[in-house]
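Asker: Predicted structure and sequence below. I'll ask about it afterward.
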Amino acid sequence: MRYIDKTVVGLSIAFLVLLFADFFMAEWVRFIGLQSLARGAVALGLLVLWRTGLVSFGHALYFGFGAYAAAMLTLVGYHDAFFLVFAGTLAAGVLAFLLGFLLRRYRAIFFALLNMAFSMILYGVIVKTEALGSTDGFSVLTPTFLGYAPKGEAVQTTLFIFTLVFTYIVTVGVHLYLKTTLGGMSMAVRENEIRVEYLGYSAEKVIHVKYVFSGLVAGFGGAIMALAIGQVDPDSMANWTVSGEFVFITILSGIGNVGATYIGALVFELIRTYAFEYAPLFWQFILGGSLLAIIMFLPDGIWSLFGRLRRSDSSESSSSSNKAPSP
Amino acid sequence: MQELIVILVDGLVFSSYLFMVSVGLTVIFGVMKILNVTHGAFYAFGAYMSATLIGAYYNTDLPEFGGFLAIFAAAIIVGVFFGIVLERGLLRFLYHRDEHIIVLATFAMFLVLEDVLLMIWGTDPYYAYEPMALLGAVDIVELTFDVYSLTLIGLAVIVALGLWLGLTKTKWGKLLLAVIFDREISQAMGINVTVVFTVTFVVGSIMGALGGAYIAPTISVSPGIGVEVIVLSFAVVVIGGMGSIPGAIIGALLVGISRAAAVHKFPEIELFVIYAIMALVLAIRPEGLFAPPQARKI
């Protein structure tokens, strides 16, 4: 293997820099960073689907499921972050695997809306379950890390390192998966599914595998979010507007590169935090306005800015284009 | 028996409400193939405008029943204004883009309008109960229903009939059907598709605003009422088949009556039952109950 993967190198550098920066970060920066990593992971799941031409308006289902799975385990006495995040990820993955049998038959807007229907079922169940705090949710206690129980600021520092390590592994994993033949099938399925079938691949299987991947990373993001905020509630974890925000982040980042989703999530988090800080009544206005601006003026997302800087390097950056030929 | 009648009447009222809020969505989707999330904002604006106009109307000494005119005036003002602004000002630049991008643009517009609503009307709830108080209540099998809610059924029937007659019996309706069937060929035949699109979007917006305007006297008009309406109307439209008006009727009836039954029999599954039906229908008929078959393009 003489070939050096630039994305992996880039991700590794970013990982090391952030790992080092963790010790110097202000608390609020770390908090925004944690949330961006969690949301970025979900957007990563959507990116995997988007490359196949599928958009889900219901990934709050896996985000919320992962978050609630992890949070519910703390209620019965498990507090180890490794176990909680693993369980949350796995739970969402299993759910995605099961629903995948049905969802892989759907395309376009029907796929998006059926996902939304399932996410709203979860929302409805949570809202009506008194034991889970109904619309108020419940708080998640501070996790431990393999027996190490940090106190005070060390909690967030440790959680950040923990999140960073796993996000790095997950992101590189997804990137390598997208490089495999199965991962590479996404473009083919998006461009012409019937030809893919003629060539002897099952498009539905390709989609199913991708769907499980996206469910796993969304569950991972949810579990991290539950630990980072220390609280789960249906309106910020499972409502359809949350799913909309994830799609927003995906648009913001563009689907050119796996790393871009985290930049997109960070930008989203910053816009939201500052809009909320300076114009608490109009933060949706600012959020919606920026989304419209991105759609109109930067159709391939933030990542396309990097592409413009180094147009000659066409390994990955030029692959993004979400313009469909007009019917 | 008594419970059955209650469920049926409640169900019919709720179905009519659902039909009113989702018919605009299905009209717009049928013609333009756009899933319009902003619909929820039209609904909310309709409700606020209606509450304001009703309040203003009853401050004057005009005849009491004129308050109903205020409702329709509110719907038309909101629908025409936002319909034209949104279609001409935003959507027409996006027609060549991917359908998901258009959905997201309407989602962005929804977020923006939610806050515009707050800027205009603030966070306090509005009440406009006068039309409801005016019509009083009626007893059906020893149970009291308010007449205003029952008139919703009549309104839904009138709207459904009007749309059906408009689509099948008028020249405009036939042009519209041609555009639905094949946009390019109709354009080639000399139909002005741009105008058809604008008019359709405005009509759809008026429908959405009317849903909100008519329901306003029965609820407390407060921020956030648009959010729930969007998913509800999505569910109705998807169940019936997107773009189909008979589909919207059946979808509304199915969802409305099941929810009424759930409210009376098993209140804990009330929220869940709607989306469960949606998932179930889609699992059996992927494109909804009444969607026309689509040719697969190779």
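Answerer: Looks like it arrived, so ask away.
Asker: contacts and neighbour counts: CA atoms only from here.
Answerer: Fine.
Asker: What number of neighbouring residues does residue B:42 come out with?
Answerer: Neighbour count of residue B:42, defined by other CA atoms under 10 Å in any protein chain shown: 31.
Asker: Next up, the contacts around residue B:269.
Answerer: Taking CA atoms under 8 Å, 6 or more residues apart in numbering or on different chains, we find residue B:269 in contact with A:124, A:125, A:128, B:262, B:263.
Asker: Verify the assumption that it is located in a helix.
Answerer: Yes: going by DSSP: H, G, I helix; E, B strand; the rest coil, the assignment for residue B:269 places it inside a helix.
Asker: That one and residue B:28: what is the separation?
Answerer: 31 Å (CA to CA, to the nearest Å).
Asker: closest to residue B:200 among the contacts of residue B:269?
Answerer: Taking CA to CA as the measure, residue B:200 sits nearest to residue A:124 out of the contacts of residue B:269, at 33.5 Å.
Asker: on that earlier part again, determine which two of the contacts of residue B:269 are furthest apart.
Answerer: In the contacts of residue B:269, the most distant members under the criterion CA to CA are A:125 and B:263, with 14.7 Å between them.
Asker: ok, back up a step: can you put the contacts of residue B:269 in TSV and add distance to residue A:144 and secondary structure?
Answerer: Rendered in TSV, the data for the contacts of residue B:269 read as follows (distance: CA to CA, whole Å; DSSP: H, G, I helix; E, B strand; the rest coil):
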residue	distance to residue A:144	secondary structure
A:124	31	helix
A:125	29	helix
A:128	30	helix
B:262	43	helix
B:263	43	helix
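Asker: which of those has the most neighbours?
Answerer: Of the contacts of residue B:269, residue A:124 is surrounded by the most neighbours, 25 neighbours in total, counting by other CA under 10 Å.
Asker: Just the pLDDT for it.
Answerer: pLDDT for residue A:124: 81.
Asker: Residue A:324 now?
Answerer: What the model reports as pLDDT for residue A:324 is 43.
Asker: near chain B, which residues of the stretch 151-300 of chain A show up?
Answerer: With the criterion set to CA under 8 Å from any CA of the partner chain, the stretch 151-300 of chain A comes near chain B through A:192, A:194, A:240, A:244, A:247-248, A:281-289, A:291-292, A:295.
Asker: Of those residues, just the buried ones, PyMOL syntax please.
Answerer: Under the burial definition 16 or more other CA atoms under 10 Å in any protein chain shown, those of those that qualify are selected in PyMOL by:
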select buried, chain A and resi 194+240+244+247+248+281+282+283+284+285+286+287+288+289+291+292+295
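Asker: among the residues of the stretch 151-300 of chain A next to chain B, which are in helices?
Answerer: Of these, the ones assigned to helices by DSSP state H are A:194, A:240, A:244, A:247-248, A:283-289, A:291-292, A:295.
Asker: Residue B:248 belongs to a helix, doesn't it?
Answerer: Yes: per three-state DSSP, residue B:248 lies within a helix segment.
Asker: thought it was touching residue B:240?
Answerer: Yes: the pair residue B:248 and residue B:240 qualifies as a contact (CA atoms under 8 Å) at a distance of 5.1 Å.
Asker: out of the two, which sits in the more crowded spot?
Answerer: Set residue B:248 next to residue B:240 and count neighbours by other CA under 10 Å: residue B:248 wins out with 34 against 29.
Asker: Tell me the spacing between that one and chain A.
Answerer: Separation of residue B:248 from chain A (CA to the nearest CA, to the nearest Å): 16 Å.
Asker: contacting residues for that residue?
Answerer: By CA under 8 Å, 6+ apart, residue B:248 lies in contact with B:19, B:22, B:23, B:26, B:236, B:237, B:239, B:240, B:241.
Asker: let's see it at 10 Å
Answerer: Residue B:248 makes contact with B:15, B:18-27, B:160, B:233, B:235-242, B:254, B:289-290, according to CA atoms under 10 Å, 6 or more residues apart in numbering or on different chains.
Asker: cool, residue A:86 as well?
Answerer: Under the criterion of CA under 10 Å, 6+ apart, the contact partners of residue A:86 comprise A:66, A:70, A:80, A:216, A:219, A:220, A:223.
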